[in-house]
Each structure stands twice: as C-alpha cells, then as structure tokens.
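Trainee: I'd like to go over a predicted model; first the sequence, then the structure.
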Amino acid sequence: MPDFLRRRKTCLALLAVVLVAAFTAGCAPPEAHPGDAPDTGDSDTGQDQEVTLVLYFPDDQAMYLEREERTVEAAEGETYETLAVKALIEGPAVEGHGVSIPEGTELLSLEVTDGVAYVNFSEEFVANHWGGSTGEIMTIYSVVNTLTESPDVTAVVFLVEGEKLGTLAGHIELTDPVERNEDIIAGEG
C-alpha cells in the first residue's frame with residue numbers, strides 16, 4: 001500500500017477517535033449540587049444517587065437558623081424536597097444545632113405546584129410542638145428555608161393530616177404560602 005494511503009487511513013482513524021471522544025464527553029450525568037433536584041438513579045441498574053442537601057436547624061440559642069449540608073442516598077423517584085424534609089425530621093447531625101421538627105412527626109406527602117411546596121405532616125407536628133413564638137419561628141423557617149434551597153420551590157404551604165394549617169402554635173399565620181426568610185439565617189441578615 002502506498003505511503004500516502006496509509007497516512008490517510010491513520011488520519012481518518014484518529015479523526016474518528018477524536019469525534020467519538022468529543023461526542024461522549026458530555027454524556028456523563030451531572031453532579032448533584034445543593035438546591036438541585038436529585039438525579040434519582042439509573043433505572044436500568046436501580047442504583048441510588050447521592051444528593052447533597054442544604055438544611056437549616058436552630059442554633060444553640062434558638063436565635064438563628066444555621067446551615068447544615070448533608071449527603072444522602074436518593075432512591076428512584078425520591079425528590080430533593082422529600083429527602084430534605086425527611087432529613088429535617090431526623091434532626092441535626094452537627095453538634096450545637098437544635099431540633100426543629102417535633103418528635104413523632106411524619107411526612108405524609110409533599111407536592112410542588114407552581115413553585116409552592118405543599119408539605120403534609122402527621123398530627124404530631126402540632127400535637128408535640130413545644131410552643132412559644134420563637135419555637136414556632138424556628139420550626140416554620142427551618143422547613144421553608146430548607147425547601148426553598150430547591151430551585152423549584154419559592155414558598156411553602158403547611159398541611160396537617162391533609163388540612164391546611166392556620167397556625168402552628170398561635171403566633172404565625174400560615175394561611176398564605178410562606179416565603180424564605182434570609183434574616184433568620186446566621187450570618188446572612
């Protein structure tokens with residue numbers, strides 16, 4: 001075979017390798033970042049996906065909410081929002097952060113519609129709440145500020161056993177969707 005044909009074949013083979021590499025380079029799944037909805041795994045393999053959540057818990061004086069990042073496994077079909085509320089229910093992992101969700105509370109459902117997260121808690125959310133205006137503020141904004149880390153959520157509506165909650169402990173009206181409060185986050189206001 002003449003030398004110029006051999007070089008031409010080599011160049012075409014190299015070009016093919018470069019094109020394949022260029023087209024497949026963008027095929028890897030993106031990394032999950034705080035606030036992103038989780039990629040809930042590969043349906044072919046059933047593997048879980050790691051998701052980094054941004055949670056807010058009361059500080060040790062219950063004056064501010066402090067940011068806590070936590071990486072969790074998202075099973076197929078689990079949303080960032082559901083994972084975040086379940087993590088709040090589990091409580092803080094950082095020493096010095098306080099509990100924000102009353103003991104025994106369960107997440108019954110969570111749906112996001114037009115930027116509003118409708119969070120449906122079990123009756124323990126109200127029945128076991130410790131009360132007081134500060135406690136109420138810490139609980140409400142722990143949930144709201146955590147959920148608004150998701151790019152899909154701008155406000156939260158609280159439900160208990162499927163019924164819209166008017167107030168948690170008598171101090172904050174919850175009849176309208178509650179928006180994020182940056183002033184209550186330590187170091188933000």
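Mentor: Great, that's in hand.
Trainee: and residue 183, which of the three is it?
Mentor: helix (DSSP: H, G, I helix; E, B strand; the rest coil).
Trainee: pLDDT wise, what is it at?
Mentor: Predicted confidence (pLDDT) for residue 183: 96.
Trainee: how far away is it from residue 145?
Mentor: Using CB to CB, to the nearest Å, one obtains 11 Å as the distance from residue 183 to residue 145. Any C-beta I mention is one placed from the backbone N, CA and C, and that applies to glycine too.
Trainee: right, and the helix or strand after the least confident helix or strand in the chain by mean pLDDT?
Mentor: One helix or strand of the chain scores below all others by mean pLDDT, DSSP states H and E: helix 3-25, with a mean of 45. The first helix or strand that comes after helix 3-25 along the chain, using DSSP states H and E, is strand 49-58.
Trainee: partners of that next one, with directions?
Mentor: strand 65-74 (antiparallel) (DSSP bridges).
Trainee: quick one: distance of the partner strand to the chain centre.
Mentor: 8 Å (CA atoms, centre = their mean, to the nearest Å).
Trainee: flag every buried residue along it.
Mentor: Across strand 65-74, burial judged by 16 or more other CB atoms under 10 Å covers 65-68, 70, 72, 74.
Trainee: run through who's touching that strand.
Mentor: 34, 38-41, 48-59, 80, 83, 87, 92-94, 96-97, 138, 141-142, 145, 184-186 (CB atoms under 8 Å, 6 or more residues apart in numbering).
Trainee: please apply the same query to stretch 119-138.
Mentor: In contact with stretch 119-138 (CB under 8 Å, 6+ apart) are residues 58, 62, 65, 85, 98, 100-110, 139, 143, 147, 156-162, 165, 167-172, 184.
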